[in-house]
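K.L.:
With the input below, show me the fold.
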Amino acid sequence: MMRSANPALNDKAFAHLYSAQEETRMTIQGTVNKTFFLLGLLLIGAFYTWNQFYLSGGSVGGYLLIGGIGSFILAMVTIFKPTLAPITGSLYAACKGLLLGGVSAMFEARYPGIVIQAVLLTFSTLFALLVAYKSRLIKVTENFKLGIAAATGGIFLLYMVSFIMSFFGMSLGFIHSSSPIGIGFSLIVEQGSQLLPGDINGDDTVNILDIVMVANYTLGQAEFTDEQIQAADLNQDGIINILDIVQIINIVLDT
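P.N.:
Below you'll find the model as predicted:
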């Protein structure tokens, strides 16, 4: 079992499940189904407070209070009484939706466009991964976990370096830009006219660098040539998104 700092997901919380009957045992399919259900409840709560924010002229303080305090109390109840999770989990998702919807609406009103982009990317990623797990497109092996950790770590370091450099008036260029760093990187990984599927930087190898580049492209932080777009669109649906990133990760793990 993977370790977690969340007190609701520690070893003690799952201890009583090891002796469970076959029909009540926790499975990946059951977990995915319940996640879809909880996500739906969260979205309902979020949409409600979002609409109320604009209908009432920004007066959603009561909903934020209910959502914030309610979700905290329900989280504590779930931690100390896990057997109530089927009930408290649903209520927690609804309360958290009230909170997130109100907070998101306030930020959207102040910084137009910021919330929509973040929400779409977050929920699209979650939805795509749930579909991938449920359809068994990907299997959670040790190599898979290592690949995810490496890809996430690489993206994190990339953004951290860019963040630190911004304090000194410099930019990393996010791989493709007109900055000296961007031009230098492009020269190092200059690709030929034909690229292998998943080989975005043209080094004849599909690896973590390609995953980072596609992730940056989906975030709008990089521009691709026509050849790179063709190499990144592995499922040939005309869109480069998390599904293509998952397929590139699978290629990396299979090599």
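K.L.:
Apart from its chain neighbours, what residue comes closest to residue 35?
P.N.:
Spatially, and ignoring its direct neighbours in sequence, residue 35 is nearest to residue 130 (5.9 Å; CB to CB, 6 or more residues apart in numbering). The C-beta positions use only the backbone N, C-alpha and C, and glycine is treated the same way.
K.L.:
Which pLDDT does the model give residue 181?
P.N.:
You'll see residue 181 listed with a pLDDT of 57.
K.L.:
Please disregard the earlier target; I meant residue 167.
P.N.:
So, for residue 167, pLDDT stands at 79.
K.L.:
picking that back up, my guess is the residue nearest to residue 35 contacts residue 38. True?
P.N.:
No - Residue 130 is beyond contact range of residue 38, at 11.0 Å (criterion: CB atoms under 8 Å).
K.L.:
This protein: helices as residue ranges?
P.N.:
Secondary structure of the chain (DSSP state H): helices located at 11-14, 28-55, 61-80, 85-110, 114-134, 142-166, 180-188, 208-218, 226-232, 242-254.
K.L.:
looking at the ones you listed, which has the lowest confidence?
P.N.:
Of all the helices of the chain, helix 180-188 has the smallest average pLDDT, which comes to a mean of 54.
K.L.:
Give me the neighbour count for residue 215.
P.N.:
By the criterion of other CB atoms under 10 Å, residue 215 has 19 neighbours.
K.L.:
Kindly report the same for residue 76.
P.N.:
The tally of other residues near residue 76 (other CB under 10 Å) stands at 13.
K.L.:
cool, the one 5 residues further on as well?
P.N.:
Residue 81 sits with 11 neighbouring residues when counted by other CB under 10 Å.
K.L.:
which residues touch residue 74?
P.N.:
Listed by CB atoms under 8 Å, 6 or more residues apart in numbering, the contact set of residue 74 reads 88, 91-92, 95.
K.L.:
ok, the nearest residue to it once chain neighbours are set aside to residue 164 distance?
P.N.:
What sits nearest to residue 74 in space, not counting adjacent residues and going by CB to CB, 6+ apart, is residue 92, at 4.2 Å. Here the criterion is CB to CB, to the nearest Å. By it, residue 92 lies 36 Å from residue 164.
K.L.:
So for the two, which residue has more residues nearby?
P.N.:
Each of residue 92 and residue 164 has its neighbours counted (other CB under 10 Å); residue 92 has more, 22 against 11.
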